[in-house]
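> Any chance you could fold what I've pasted below:
(2 chains)
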Number of protein chains: 2
Amino acid sequence: MSVVVVGSVAYDGVETPHGRVERMLGGACTYIALAASYFAKTKIVAVVGDDFDPEDEKFLAARGIDLEGLERAQGKTFFWAGVYSPDMNDRTTLRTDLNVFADFNPKLPASYRGAPYLLLGNIQPALQKSVRAQMNGVRVVGGDTMNYWIKDYRDELLATIHEWDFLLINDSEARMLSGEYNLKRAASRIREMGPQTLVIKRGEYGAILFHRDSHFIVPGYLLEEVFDPTGAGDCFAGGFIGYLAERGFDLKKGHIDAKELSRAVIYGSVLGSFCCEKFGVDRFRTLTRAQIDARFEEFRAFTEF
Amino acid sequence: MSVVVVGSVAYDGVETPHGRVERMLGGACTYIALAASYFAKTKIVAVVGDDFDPEDEKFLAARGIDLEGLERAQGKTFFWAGVYSPDMNDRTTLRTDLNVFADFNPKLPASYRGAPYLLLGNIQPALQKSVRAQMNGVRVVGGDTMNYWIKDYRDELLATIHEWDFLLINDSEARMLSGEYNLKRAASRIREMGPQTLVIKRGEYGAILFHRDSHFIVPGYLLEEVFDPTGAGDCFAGGFIGYLAERGFDLKKGHIDAKELSRAVIYGSVLGSFCCEKFGVDRFRTLTRAQIDARFEEFRAFTEF
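Numbering: from 1, shown residues only, chains lettered A, B, ... in the order given. Modelled structure (predicted):
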């Protein structure tokens, strides 16, 4: 079943202890869509400028991604540059040029509106809400947000996530949103805000899924070398929604076994881990579904006792 | 089968966001022995001063702990005081009075020397080595260390751990000891130093076990309330060695299934998590083996997919 993904398509400049790339394809929507494309037909809604490289477009199309909702505007594509700390647990933003993204007002093509799965990448909550409203009979809707919206657009954000089935955020955002340091209590508070399924991402330490009265915890995959963590959280989201869509699960009606939802978290973790193995989106130029499934089994092997 | 535990028996003053205790029973040896006592006959080697409270001695004896190796010296018992940060991930030492511990020179009673399991708590590496030398035909030996010994007593420490079957340390210590930031590479380096089994503790994020060519990762237990993390790492060690001793496993001869070693790590995690639920050793005043086994099954439930 198909997935609509909304968010940024961008160019990134990234420096990690392993090297530096001046300009490469990036953006939350790009990473989410690439990860989801291994599981389900994926349709993106985003805006790029007239500098968008036809090679990048070809790369996305080759992954089967539907680009009908990729708007071309006059001006330059969103550009972000950042540098990671030596341990890669922190990063400093060097530049954020919103460019055409500043006026992004997502409009869904008619062919997108009936899709059953919707993943709202990290953009202004009011825009996420407007996209949700353009969908007809969506089965599962969820997404991501960030500290900026939690802090300065709280009411707008609360009105938006109230309609979501799931929310994916990192631990510091969960603490900020809930006002609770303890993650178990933070999760209870957030689930009262609407999303009945909550995934708290913990970077290299993995993720926690809260669903109904139970939780599931997966540790992070132990990589020998982390080249570039950019996009790993978005790839997690893509793997998560991709698996739900592939299997046709419905979160609302209880048509999902808790273990299946845990498997979606594992696929999210698998895609996030692959993302870190090369700069930017490069790992997705060669990654296969067989490699994804093999790493899924590795997760089972190193967590079973 | 019986376990000999060497380390400090102390009084602690602890302040956490949940409260403050001026003086209570503590010390690595105490925590390790209490945790191990749920699985195997545990014999401690430590020194206390003439201020050691008979009630504390009774408490340890009531857990079946053999106190023949608990030396009484003239002077005061080791005292440590510290305060935890609001998130309890950091702590500041306010006071360290070594007192009688400064001259600790562990001598094993004859009745201890034939015990098959030896856990060397965090003390000077040369003393750990001397205890190892006093044992006859020990089956499994391992222990803990800390940044101070890694930094300033490196050669002594390397000569000591070279004889160990397992080493339990936290992530920052593993990085310091190996000179590698990446934990997978750090583990390879450390295993070249001697201990073929390595457990890297990650506090609230759980632990990683490295054994032969594979690894096992367990996330931390999600507590609703962490009252006092003091001693959690030591309780981990106690649960780990306790389970090995209960089952009679031998790490050297390959007489252990990798899954059984993983289960020892789970029992370590279970004991560490209980330790945090009350101040100091208080949780061990009521904890039962049935509660321990129930939490072991909880770990299975929240990690299986």
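> Can you tell me how far residue A:99 is from residue A:207?
32 Å (Cβ to Cβ, to the nearest Å). Yep, even glycine has a C-beta here, placed from its N, CA and C like the rest.
> Can you report how many residues neighbour the nearest residue to residue A:256 once chain neighbours are set aside?
In space, and not counting its chain neighbours, residue A:256 is closest to residue A:249: 4.4 Å by Cβ to Cβ, 6 or more residues apart in numbering or on different chains. Neighbours of residue A:249 under the rule other Cβ atoms under 10 Å in any protein chain shown: 20.
> Over to residue A:32?
Neighbours of residue A:32 using other Cβ under 10 Å come to 34.
> Pretty sure it sits against residue A:240.
No: using Cβ atoms under 8 Å, residue A:32 is not in contact with residue A:240; the gap is 9.5 Å.
> Can you give me the neighbour number for residue A:11?
So residue A:11, with other Cβ under 10 Å, has 25 neighbours.
> Who are the contact partners of it?
A:23, A:24, A:25, A:26, A:77, A:78, A:79, A:80 (Cβ atoms under 8 Å, 6 or more residues apart in numbering or on different chains).
> Pipe those into a markdown table and attach secondary structure, distance to chain B and neighbour count per row.
Shown next, in a markdown table, are the contacts of residue A:11 (DSSP: H, G, I helix; E, B strand; the rest coil; distance: Cβ to the nearest Cβ, whole Å; neighbours: other Cβ atoms under 10 Å in any protein chain shown):
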| residue | secondary structure | distance to chain B | neighbour count |
| --- | --- | --- | --- |
| A:23 | strand | 28 | 15 |
| A:24 | strand | 24 | 17 |
| A:25 | strand | 27 | 23 |
| A:26 | strand | 24 | 27 |
| A:77 | coil | 34 | 27 |
| A:78 | coil | 32 | 23 |
| A:79 | strand | 30 | 20 |
| A:80 | strand | 26 | 20 |
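> Mind picking the two most distant members of the residues you listed?
Farthest apart among the contacts of residue A:11 by Cβ to Cβ are A:24 and A:78. That separation is 13.1 Å.
> Chain neighbours aside, what residue packs nearest to residue A:149?
Among residues not flanking residue A:149 along the chain, residue A:157 sits closest, at 5.0 Å (Cβ to Cβ, 6+ apart).
> Find the helix or strand that that neighbour is a member of.
Using DSSP states H and E, residue A:157 falls within helix A:154-161.
> Next SSE downstream of that helix?
Counting by DSSP H and E, what follows helix A:154-161 is strand A:166-170.
> same question for that following strand, mean pLDDT?
The average pLDDT within strand A:166-170 is 97.
> go on, stretch A:9-25?
96.
> now for the helix or strand hosting residue A:242, which elements pack on it?
Counting by DSSP H and E, the element that carries residue A:242 is helix A:232-247. In terms of contacts (3 or more Cβ pairs under 8 Å, 6 or more residues apart in numbering or on different chains; DSSP states H and E), helix A:232-247 is packed against strand A:3-6, helix A:28-36, strand A:117-120, strand A:140-144, strand A:166-170, strand A:197-201, helix A:258-275.
> of all the residues in the stretch 151-300 of chain A, which ones are close to chain B?
A:181-185, A:202, A:205-206, A:208, A:214-220, A:222-226, A:259, A:262-263, A:265-266, A:299-300 (Cβ under 8 Å from any Cβ of the partner chain).
> Drop anything exposed from the residues you listed.
Using 16 or more other Cβ atoms under 10 Å in any protein chain shown as the burial test, those include A:182-183, A:202, A:205-206, A:208, A:215-220, A:222-223, A:226, A:262-263, A:265-266, A:299 as buried.
> can you pull out the helices in the stretch 1-150 of chain A?
Applying DSSP state H, counting those that start in this stretch to the stretch 1-150 of chain A gives helices spanning A:28-36, A:54-62, A:125-134, A:147-152.
> Comparing those, which comes out most buried?
Of the helices of the stretch 1-150 of chain A, the one with the most neighbours on average (mean count of other Cβ atoms under 10 Å in any protein chain shown) is helix A:28-36, at a mean of 32.
> Can you tell me what sits against that helix?
With contacts defined as Cβ under 8 Å, 6+ apart, helix A:28-36 is touched by A:3, A:5-10, A:42, A:44-46, A:60, A:63, A:65, A:119, A:121-122, A:144, A:231, A:234-239, A:241-242, A:245, A:271, A:275, A:281, A:284.
> tell me the angle of that helix relative to helix A:232-247?
Note on geometry: by axes from the mean of the first three to the mean of the last three Cα atoms, to 10 degrees, helix A:28-36 and helix A:232-247 are set 50 degrees apart in direction.
> as a whole number, average confidence for helix A:28-36?
In this model, helix A:28-36 has a mean pLDDT of 98.
> If I look at the residue lying closest to residue A:16 once chain neighbours are set aside, what pLDDT would I see?
Leaving aside its sequence neighbours, residue A:16 sits nearest to residue A:84 (Cβ to Cβ, 6+ apart; 4.6 Å). Among the per-residue scores, residue A:84 shows a pLDDT of 95.
> Just grab the bridge partners of residue A:84 for me.
Beta-bridge pairing for residue A:84 (DSSP bridges): residue A:91.
> Look up how far residue A:283 lies from it.
According to Cβ to Cβ, residue A:84 stands 17 Å off from residue A:283.
> and the nearest residue to residue A:289 once chain neighbours are set aside, how many neighbours does it have?
With Cβ to Cβ, 6+ apart as the criterion, residue A:289 has its nearest non-adjacent residue at 5.3 Å, and that residue is residue A:38. Residues lying near residue A:38 (other Cβ under 10 Å) number 25.
> tell me the contacts of residue A:38?
Residues in contact with residue A:38 (Cβ under 8 Å, 6+ apart) are A:239, A:242, A:271, A:287, A:289, A:292.
> and which of those is nearest chain B?
Lowest distance from chain B to the contacts of residue A:38 (Cβ to the nearest Cβ) belongs to residue A:239, with 13.7 Å.
> so which of the helices of the stretch 1-150 of chain A comes closest to residue A:94?
Closest approach to residue A:94 among those is made by helix A:147-152 (17.2 Å; Cβ to Cβ).
> Contacts for that closest one next, please.
By Cβ under 8 Å, 6+ apart, helix A:147-152 touches A:122, A:124, A:125, A:156, A:157, A:172, A:173, A:176, A:177.
> Kindly recompute the last result at 10 Å.
With Cβ atoms under 10 Å, 6 or more residues apart in numbering or on different chains as the test, helix A:147-152 has contacts from A:122-126, A:128, A:156-158, A:160-161, A:169-170, A:172-178.
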